[in-house]
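S.K.: sequence first, then the predicted structure, then my questions.
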Amino acid sequence: MASNPPSSCCATGFKHEGTPVGELKTIDGVNTYIGTPKGNQKADTAVLFLSDIFGLFNNNKLLVDEFANNGYLTVLPDLFRGGQLTTDDMESGKTIKYMRETLGVKKIAAVGYCFGARYVTRFLKDGQINVGYHAHPTGTTHEDLAAIEGPLSISAAEIDQAFSVQLRHESEITLAKTGQAWQINLFSGVKHGFAVRADLSDPKQKWAKEQAFCQAIAWFNYHL
């Protein structure tokens, strides 16, 4: 494994205050939250948001809104269908098909937090996802990383049993062999989940969360 499976650390963190402003739709039976830019939309590009185990949680919706505020139409499917998850749901690529065929998106960036990271890596293939980003990944394999066909950026926490120092260094070796552009930023003093569920009353955690988001935006702006 390039990162360990989800564990108890994936279910901890802080709920963020704020009112999401996006729209909830049903796509092929899946509840989907969509953030639409108010102006200066990136032409023919969009972000696929693959969430942590909390799914359509307020924190995730607020992050979707922030990607939209930066010009990216952003789509967050409920990967867990209200709590039930199957391998077929994850591997089907329904949301990618919807984005390309219904929304007319030509280039797709994908973000994956915790659980969602593995599927960003798996779909980082020609014709599916063009550029990927994930934070504090779980469940990724070296085979997935070795097979990427596009640029990948990762935000890592210093304190993370799922993406430990050893696994992070092993991932660097694997990524270096792909021939693709890659980046790993390490944030000191924060734990697994910081990019989504940080304690915003702690300036260090707040800063790290904001910088991880900026990392994703900068990566997408450059590669798209």
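M.R.: On my side now, so go ahead. Numbers count the residues shown, from 1 in each chain.
S.K.: okay, now E23: neighbour count?
M.R.: For E23, the tally of surrounding residues (other CB atoms under 10 Å) stands at 10. C-betas here are computed from N, CA, C, even on glycine.
S.K.: got a list of what it touches?
M.R.: Residues in contact with E23 (CB atoms under 8 Å, 6 or more residues apart in numbering) are Y33, I34, T36.
S.K.: which of those ranks first by neighbour count?
M.R.: Within those, neighbour counts (other CB under 10 Å) peak at Y33, which reaches 23 neighbours.
S.K.: the helix or strand containing that one pairs with which strands?
M.R.: Y33 is part of strand 30-35, with elements assigned from DSSP states H and E. For strand 30-35, the paired strands and their directions (DSSP bridges) read strand 23-27 (antiparallel), strand 73-77 (antiparallel).
S.K.: quick one, helices of this protein?
M.R.: For the chain, the helices defined by DSSP state H occupy 58-69, 87-91, 94-97, 117-122, 142-146, 165-176, 194-197, 203-223.
S.K.: in TSV: these, plus mean pLDDT.
M.R.: Formatted as TSV, the entries for the helices of the chain read as follows, by pLDDT from 0 to 100:
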stretch	mean pLDDT
helix 58-69	94
helix 87-91	51
helix 94-97	86
helix 117-122	94
helix 142-146	95
helix 165-176	96
helix 194-197	93
helix 203-223	96
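S.K.: as CSV, these with mean neighbour count and distance to F187 would be great.
M.R.: Compiled in CSV, the helices of the chain are given as follows (neighbours: other CB atoms under 10 Å; distance: least, CB to CB, whole Å):
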stretch, mean neighbour count, distance to F187
helix 58-69, 21, 16
helix 87-91, 11, 27
helix 94-97, 17, 29
helix 117-122, 26, 15
helix 142-146, 18, 20
helix 165-176, 15, 12
helix 194-197, 26, 7
helix 203-223, 18, 4
